[in-house]
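> give me the fold of what follows.
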Amino acid sequence: MRNPGPGHEPVTIRTRVLIDVTGPTAREIRSTGANFRYVSGHNRYDDIFSGHPRSKKRPVPTIVADRDLVVEDAATGFCGAVVGFDRSYDGEFVKLEDARGAVRLFALREAAFLLDGVAVTLIRPTATPPKPTRRSASGSTQVTGLRARVARDSRIWVEGVHDAALVERVWGHDLRVEGVVVEQLDGLDNLAMRLAEFEPRTGRRVGVLVDHLLAGTKETRSTTGLGPYVRVTGHPFVDIWQAVRPESVGIQQWPQIPRGEDWKTGVCARLRWGTPQDGWRRVYQAVTSFRDLQAPLIGAVERLIDFVTEPEHHRAALDPDDR
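Model prediction:
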């Protein structure tokens, strides 16, 4: 009650203070009669139910327990490096190894370890899936960021343009990695002349890929006794087309062409492929990797690449009979 002075009746003012415990600050509500006036502001004591700031729980940093990370178990004082993990019905555990080689298991619980004297929570590393290995058309590991290198003096020779195109299509990446050049002979009859011009020797070898290389054939007779710096490999097929798997070009088998008839022309006629040029486009586009080729051709080319790229002293140890 307050005294208003002479000539006035006393006036009673009731004040009611309400505290909202759900908000971050207190609210003071003063009322006079039916009128309410709200006054808001920060109380210097903040939330009276939150406790003293020093008693509040501080966040604990989370650390990935990478191998060889040295930590201390907060409960026992055991100090060691992370060497592994284990799992049981009771949860995840980390293996710590101390300086004497003793290994102990500790549960991965919140704030259970000390790192440089600071409480931390260890977590198990997330396994990173291995990156898939990229393969070239030949099945070898693909070399990324490949830079052009100076070509070797050694060469691989093939009989014709179709042979060269298929070798490049499947082994082109490998040949560029090794710096090997593939050249055309334009027919096996030119082999002796080309060898005389090339003069094979140490560090200057020649690998020759031959079609229809069978015992007793003219191809075999013309490619024997060429010296230690020349290696001839081949396949048993009449033409390089036939070294492509039939299913890759959409047929059940390659047609049998009588001796004396041009093989490519006869094949295209029987398969209704049009001209030999049309047939070649079908064959070339059907080959995308070594899986589209017959095994004898794959082995023959791989042996030639090895021959022209291996060091001389290594070849001498492997092939003493070639000299």
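
> contact partners for Ala119?
Shown in contact with Ala119 (CB atoms under 8 Å, 6 or more residues apart in numbering): Val60, Ala74, Ala111, Phe113. In this view, the C-beta of every residue, glycine as well, is placed from N, C-alpha and C.

> that one pairs with what?
Judged by DSSP bridges, the bridge partners of Ala119 are Leu114.

> and it, how close does it get to Glu97?
Here the criterion is CB to CB, to the nearest Å. By it, Ala119 lies 21 Å from Glu97.

> returning to what we had before: out of the contacts of Ala119, which is most surrounded?
Neighbour counts for those (other CB atoms under 10 Å) peak at Phe113, which has 27 neighbours.

> closest to Gln252 among the contacts of Ala119?
Among the contacts of Ala119, Phe113 lies closest to Gln252 (CB to CB), at 68.4 Å.

> please name the nearest non-neighbouring residue to that closest one.
Nearest residue to Phe113 in three dimensions, chain neighbours excluded: Val71, at 4.4 Å (CB to CB, 6 or more residues apart in numbering).

> how about the strands in the stretch 51-200 of the chain?
For the stretch 51-200 of the chain, the strands defined by DSSP state E, counting those that start in this stretch cover 62-64, 70-73, 79-88, 91-97, 103-107, 113-115, 118-123, 155-158, 181-184.

> closest one to Arg134 among these?
Closest to Arg134 of the strands of the stretch 51-200 of the chain, according to CB to CB: strand 181-184, at 23.0 Å.

> tell me the buried residues in that closest one?
Val182 (16 or more other CB atoms under 10 Å).

> tell me which residues are up against that strand.
151-152, 155-161, 163-164, 167-168, 175.

> same question for that strand, mean pLDDT?
The average pLDDT within strand 181-184 is 96.

> before we move on, what about stretch 187-206?
Mean predicted confidence for stretch 187-206 is 94.

> residues in contact with that stretch?
Residues from elsewhere that reach stretch 187-206 (CB under 8 Å, 6+ apart): 153-157, 159-160, 185, 208, 210, 219, 222-223, 226-227, 229-231, 307-308, 312.
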